[in-house]
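J.: build me a model from this:
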Amino acid sequence: MTEADILQDIVKIYRRIENQNKQTNALYESIKSDKIPHFLESVFARIPHNRESLLACLDRVVALQEAPLMNVLQSLEMDEEQVISLRMQLLKIARDFHMEKHKALIMFISKEQLLSPFLRALIQAVHQIGLCFNDFFMAWQKDLILGINRELNQTYNKDLQKILEVLKPSLEVSSFQAYSLTNILTNETLKDLPKHQQEEELTQEGEIADRSYSVPVLKDSIYQAVAYAEFFKEEFAALKNALDLGIESLTKTPEVLPKMEQKNAYLKYFKALRSALMQTDTHRLLDSWRLVDKAWMEISTPLQIGHPLEYYEDHFRKAVAPEWDLRIARIYEGVDLLNPEESQEGKISKESMLKFYQYCCSKTPNTKYKDEISACVEQSLLKTQSYGGLPALFYGAELNGLFSAQVVPNDEKVSKKYGKKIFYFPDRVRELALAKPFMLLTSKTFPKKFLDFNRELLFFRKEEWYKVYEISTIGHEFGHILWVSSDSELQMNLSGQFKNIEEFKATMGGLTYYFLSANQPLLQELICNTIARAVGLIAYMKEDEVLPYYCESLIHLEVLFSAGILRYKGNFDTEALEVKINEETMQTLKKQYLNVYRQLVMTYLEKQDAKIFLDSYTMKDLEGNYKPKNEEVRAFVEDYYLQYQKIGQVTDTLTSQQWQEDYKKQHNLN
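T.: Reported below is the predicted structural model:
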């Protein structure tokens, strides 16, 4: 077996997943017939059956999006316990549905004898461990997110500052009992390491983690951290067994192609992962997981595992979610495996993003932290790896939503030395967009000309759609890397608002990169994409898990309105927004965005509390929800959200198929 054979098999598997996804997305067709798929029958024994509730349930299972379901359940005026019960029921349905798809894919790989024996063993190990992560996530969601955190919100009336103060004793603080990657596995202590290695590899004594791998438990009237392994004992016993069996299987299976299999790196990673997951000493959790991230960064094959990395769900202690998945790359080492002849020249890369960052740096004044931040950013960028592809297998927290793209690890101390990995999944994003029905709220919000322009890009200008995705989404992930050092999040999160400006900062990285580029042939397309996304994100107003994206939308809307691109007509009787896009307004918008980005960059270079920047654009209403400060923008956001609550799941009378047929006739494409 050669490297070419492995890559050819990667293509076969990729095509199989694409077909699987198209079959799954085709379930949206049941909206037309209003027929309930068999796996949703138990849900509709508990809630009324109509087109809106059916679409919300399909979104939950097919697209793994929970917000539409929550909107429907709230409109039914159910009590909180009933809502939680139905959420858990739909989570289990989504889990079972996708596990069947995963089993079918694994059987296909096994039957066709694709890849090498080692890589097949790796896929099997990932699946078995993933099934345990499903159980871990169910318990984590129930006990922490919907249990402890819900009680804290009720007790302190959603007062974030009070909750953070109460939880201070439960923050994970490192003691000077850390281990290097080699020694953590052989149980030798830090004093045996050379001093330079201690400084490079390990957490400093007394370092407070900017995330947690534990649960806050009330003991003697004080919240204390209890490690996941200690709190979720039953789930972790099964998880340890699956990890042990996986490591044993991978150890026994011979390696055929070291470059494509990287057996030693994978074994090193799995052993570090087992050690971190089973760690019960909260003082050593941060170190243990840093070692996982370091080992993981050494793996550079087309099959990439995703482990617990993100912490959007928990706004209090940034508890890292039980994620687990396997990603398959079609863009590998700068080559599109599906179209090897296609040039990658001119696309966003770490080199072009570094040049952009250095240019921006040269235009900013010196601050106390500028040199330290620049050193961290430049090291991270230079070592960044990129993988464009599809999620192949996914479990745990990812049953509550898959990424359109991601840059990880979040630990800047690790990234400064080992870099980051950027993952992006444009094929999945586009296929879902093509499959979803047109929505009534969209046609009541935007002018027909605006909708036609965006739909033309999606349905008939595929290559340009991918280019806009690259700027807005891959650019967003590179944007996360910029302007931060190892302790930026910790210092800027004093009021718990770091994530609520970080998503805007990331998107602005991609937009500013394009605004400063020599050629901008897709400027109008990019602006239209930004408008549609910013408006759509208003739906997340009361969704804690995705609150950072809602906050991002409020800042975008402020800029879009002030630049004269958008104007609210005052109601949703016809088209709520006037969209004015011409050369003059686009140039005004660019200028305003660049000014906002400069202000934001200075916030990061001075490591200010993120709340200061957020407060320039937002305020909290009496219910504790963020709202725009600008009156016109606030009126639009509030009215849009009311419309979303009323008709957010109502499909348009104009179907996707009808629109495409009309477009083809108008442009003589038949």
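
J.: just list the residues touching L537, thanks.
T.: Neighbour list for L537: Y549, Y550, E552, S553 [criterion: Cβ atoms under 8 Å, 6 or more residues apart in numbering]. Any C-beta I mention is one placed from the backbone N, CA and C, and that applies to glycine too.

J.: wait, a strand at it?
T.: No. Per DSSP: H, G, I helix; E, B strand; the rest coil, L537 lies outside any strand segment and is helix.

J.: how about it: what's its closest non-neighbour residue?
T.: S553 (3.6 Å; Cβ to Cβ, 6 or more residues apart in numbering).

J.: isn't the one you found up against I538?
T.: Yes. With contact defined as Cβ atoms under 8 Å, S553 and I538 form a contacting pair (5.9 Å).

J.: who's more crowded, these two?
T.: S553 (27 against 20; other Cβ atoms under 10 Å).

J.: quick one: buried residues of whichever helix or strand that one is part of?
T.: Taking DSSP states H and E as the criterion, S553 maps to helix 547-562. For helix 547-562, a neighbour-count test (16 or more other Cβ atoms under 10 Å) marks 547-562 as buried.

J.: and what of stretch 135-153?
T.: The neighbour-count check on stretch 135-153 (16+ other Cβ under 10 Å) flags 135-141, 144-146, 148-149, 152-153 as buried.

J.: what's the farthest-apart pair in the residues you listed?
T.: Greatest spatial distance among the buried residues of stretch 135-153 (Cβ to Cβ): D135 and N153, at 25.5 Å.

J.: could you look up the SS state of the nearest residue to I36 once chain neighbours are set aside?
T.: Distances taken as Cβ to Cβ, 6+ apart put F44 closest to I36, at 5.5 Å, once the chain neighbours are dropped. Following three-state DSSP, the label given to F44 is coil.

J.: need the contact list for E3.
T.: Applying Cβ under 8 Å, 6+ apart, the residues near E3 are L257, K259, M260.

J.: can you give me the pLDDT of the residue nearest to L537?
T.: For S553, the model assigns a pLDDT of 98.

J.: related to what we said a few turns ago, helices or strands up against the helix holding S553?
T.: helix 499-515, helix 523-536, strand 566-568, helix 583-605, strand 618-620, strand 626-628, helix 631-647 (3 or more Cβ pairs under 8 Å, 6 or more residues apart in numbering; DSSP states H and E).

J.: for the helix or strand following the last one, name the packing helices and strands.
T.: Looking back up the chat, that one is helix 631-647. On the C-terminal side of helix 631-647, the nearest following helix or strand under DSSP H and E is helix 656-666. Packing partners of helix 656-666 (3+ Cβ pairs under 8 Å, 6+ apart): helix 448-460.

J.: and the helix it packs on, what does it pack against?
T.: Using 3+ Cβ pairs under 8 Å, 6+ apart, helix 448-460 is in contact with helix 426-435, helix 462-469, helix 523-536, helix 656-666.

J.: low pLDDT regions in the stretch 551-670 of the chain?
T.: Residues of the stretch 551-670 of the chain meeting the criterion pLDDT under 70: 670.

J.: with the chain instead?
T.: 175-204, 670.

J.: can you show me the strands along it?
T.: In the chain, the strands defined using DSSP state E lie at 214-219, 222-227, 303-306, 323-332, 335-336, 385-396, 405-408, 421-424, 566-568, 577-579, 618-620, 626-628.

J.: could I get those as JSON lines with mean neighbour count and distance to G648?
T.: Putting these into JSON lines (neighbours: other Cβ atoms under 10 Å; distance: least, Cβ to Cβ, whole Å) gives the following:
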{"stretch": "strand 214-219", "mean neighbour count": "19", "distance to G648": "34"}
{"stretch": "strand 222-227", "mean neighbour count": "19", "distance to G648": "37"}
{"stretch": "strand 303-306", "mean neighbour count": "23", "distance to G648": "30"}
{"stretch": "strand 323-332", "mean neighbour count": "22", "distance to G648": "27"}
{"stretch": "strand 335-336", "mean neighbour count": "15", "distance to G648": "37"}
{"stretch": "strand 385-396", "mean neighbour count": "23", "distance to G648": "26"}
{"stretch": "strand 405-408", "mean neighbour count": "22", "distance to G648": "25"}
{"stretch": "strand 421-424", "mean neighbour count": "24", "distance to G648": "28"}
{"stretch": "strand 566-568", "mean neighbour count": "20", "distance to G648": "18"}
{"stretch": "strand 577-579", "mean neighbour count": "19", "distance to G648": "17"}
{"stretch": "strand 618-620", "mean neighbour count": "16", "distance to G648": "22"}
{"stretch": "strand 626-628", "mean neighbour count": "19", "distance to G648": "19"}
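
J.: and the spatially most central residue of the chain, what does it touch?
T.: Geometric centre of the chain, nearest residue: F403, 4.1 Å, by Cα atoms, centre = their mean. Applying Cβ under 8 Å, 6+ apart, we find F403 in contact with F423, F425.

J.: now it: how far from D325?
T.: Relative to D325, F403 is positioned 9 Å away (Cβ to Cβ, to the nearest Å).

J.: for L554, same thing?
T.: For L554 relative to D325 (Cβ to Cβ), the value is 31 Å.

J.: return the most buried member of the helices and strands packed on helix 448-460.
T.: Of the helices and strands packed on helix 448-460, the one with the most neighbours on average (mean count of other Cβ atoms under 10 Å) is helix 523-536, at a mean of 20.

J.: that one packs against which elements?
T.: By 3+ Cβ pairs under 8 Å, 6+ apart, helix 523-536 packs against helix 448-460, helix 462-469, helix 499-515, helix 547-562, helix 583-605.

J.: recalculate using a threshold of 7 Å.
T.: Applying 3 or more Cβ pairs under 7 Å, 6 or more residues apart in numbering; DSSP states H and E, one finds that helix 523-536 makes contact with helix 448-460, helix 462-469, helix 547-562, helix 583-605.

J.: for those, which one sits closest to L90?
T.: Here helix 547-562 is closest among those (Cβ to Cβ), at 21.1 Å.

J.: which residues does the closest one contact?
T.: Helix 547-562 has contacts (Cβ atoms under 7 Å, 6 or more residues apart in numbering) with 312, 499-500, 502-504, 507, 530-531, 534, 537-538, 540-541, 566, 589, 592-593, 596, 614, 617-618, 626, 628, 630, 632-633, 637.

J.: could you do stretch 502-522 as well?
T.: The contact list for stretch 502-522 (Cβ under 7 Å, 6+ apart) reads 348, 353, 356, 464, 467-468, 471-472, 475-476, 478-480, 482, 526, 548-549, 552, 555, 590, 593-594, 597, 600.

J.: now stretch 154-173
T.: With contact meaning Cβ under 7 Å, 6+ apart, stretch 154-173 is reached by 152, 206, 208-209, 212, 214, 216, 222-225, 282-283, 285-286, 316-317, 495-496, 624.

J.: how far does that stretch stretch from one end to the other?
T.: This stretch, stretch 154-173, spans 27 Å end to end (Cα to Cα, to the nearest Å).

J.: check stretch 421-439 too.
T.: Distance between the two ends of stretch 421-439: 35 Å, counting by Cα to Cα.

J.: mind checking how far H102 is from L131?
T.: 9 Å.

J.: again with T364
T.: For T364, the distance to L131 (Cβ to Cβ) stands at 49 Å.

J.: more neighbours, the two?
T.: With neighbours defined as other Cβ under 10 Å, T364 and L131 compare such that L131 has more, 18 against 15.

J.: which residues touch the more buried one?
T.: Y395.
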